[in-house]
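K.L.:
Could you work out the structure for the sequence below:
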Amino acid sequence: MSVAVNNEFKRPAPELIARFRGLASSTVGNVLDELGIDGIMLNIKPVKFGMSFVGPAYTAKEISGVRGTFTGAEFGLGAVIDTAKNGDVIVIDNGGQQVSTWGGIASLAAKKGGVAGLVVDGGVRDADEIAAFDFPAFSRHVVPLSGKTRVKVLATGVTVKIDNVKVEPGDIIVADSTGVVCVPLAVAEQVVARAEQLDADDRRAIEEINKGLDFTTALAKFPKL
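P.N.:
Model (predicted):
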């Protein structure tokens, strides 16, 4: 069976994406916490410290089995990479399996295609190549075990769960060295406005601490940090 491809879902305006750039995942996470939105992925980490991205989620759902469960032709990752749009974040739900669904060549192809980054609830491999290609990849596992004949892509542009966080196609994904958060598109304007306020407070607190303000006073002055 071929991959069911859907990449025509609603994506956020470029101006909205731009507002999230420069905001830390922890700042956005604070706002999600305030609003009671479950959007923080606690167990998804960068392949290399310093990786970051912001972009709309282009989701993919996979299933896994033991070696030989599927044919190599059923792997289907090419359909995901080749149909992602410029600026998309590929978000793959493989149920947290300890098997690689992504490697160095996939990273190079995705970067050349304009993909902003990768989130995998599952495994990736070729960590050194991914870092060398400067492609921001975040995953639950980094393992040398190949996904060929073990992993099959079912569909793209569908609702997925990443580390128990629901991700809809077009939701905004923010990732940096601290981790990954998902902002539902329906509330993205509200979230970014509040996150910008917190970021401004954070910058003012840094300035005042550099001028001699003690930490206890800073916390009292900027209680939402």
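K.L.:
in the chain, which helix or strand is least confident?
P.N.:
Considering only helices and strands, the least confidently modelled element of the chain by mean pLDDT, DSSP states H and E is helix 215-221, at a mean of 79.
K.L.:
Tell me which residues of it come out buried.
P.N.:
By neighbour count with 16 or more other CB atoms under 10 Å, helix 215-221 contains the buried residues residue 218. From N, CA and C alone the C-beta is placed, and that goes for glycine too.
K.L.:
Which single helix of this protein contains the most residues?
P.N.:
helix 188-210 (DSSP state H).
K.L.:
May I see the buried residues of it?
P.N.:
Using 16+ other CB under 10 Å as the test for burial, helix 188-210 gives 188, 191, 192, 194, 195, 196, 198, 199, 201, 202, 205.
K.L.:
can you check stretch 33-44 too?
P.N.:
Per 16+ other CB under 10 Å, stretch 33-44 contains these buried residues: 37, 39, 40, 41, 44.
K.L.:
outside of that stretch, which residues touch it?
P.N.:
When contacts are defined by CB atoms under 8 Å, 6 or more residues apart in numbering, stretch 33-44 is touched by residues 29, 32, 119-121, 138-140, 162-166, 179-184, 187, 190-191, 194.
K.L.:
Counting only helices, which of these make the cut?
P.N.:
For the contacts of stretch 33-44, secondary structure assignment (DSSP H) places 29, 32, 190, 191, 194 in helices.
K.L.:
Tell me which residues touch residue 139, please.
P.N.:
Residues counted as contacts of residue 139 (CB under 8 Å, 6+ apart) are 44, 45, 47, 102, 118, 119, 120, 121, 122, 123, 124.
K.L.:
so how far is residue 188 from the fourth one?
P.N.:
Between residue 102 and residue 188 the distance, using CB to CB, to the nearest Å, works out to 26 Å.
K.L.:
ok, longest strand in the protein?
P.N.:
Of all the segments of type strand in the chain, defined by DSSP state E, the longest one is strand 53-64.
K.L.:
And the helix or strand following that strand, what's buried?
P.N.:
The helix or strand immediately downstream of strand 53-64 is helix 77-83, counting by DSSP states H and E. Of the residues in helix 77-83, those with enough neighbours to count as buried (16+ other CB under 10 Å) are 77, 79, 80, 81, 83.
K.L.:
what sits up against helix 77-83?
P.N.:
The set of residues external to helix 77-83 that reach it, using CB under 8 Å, 6+ apart, is 2-3, 5, 7, 58, 60, 90, 92, 101-102, 106, 109-110, 113, 115, 147, 153, 156.
K.L.:
Now, those that are in strands?
P.N.:
58, 60, 90, 92, 153, 156.
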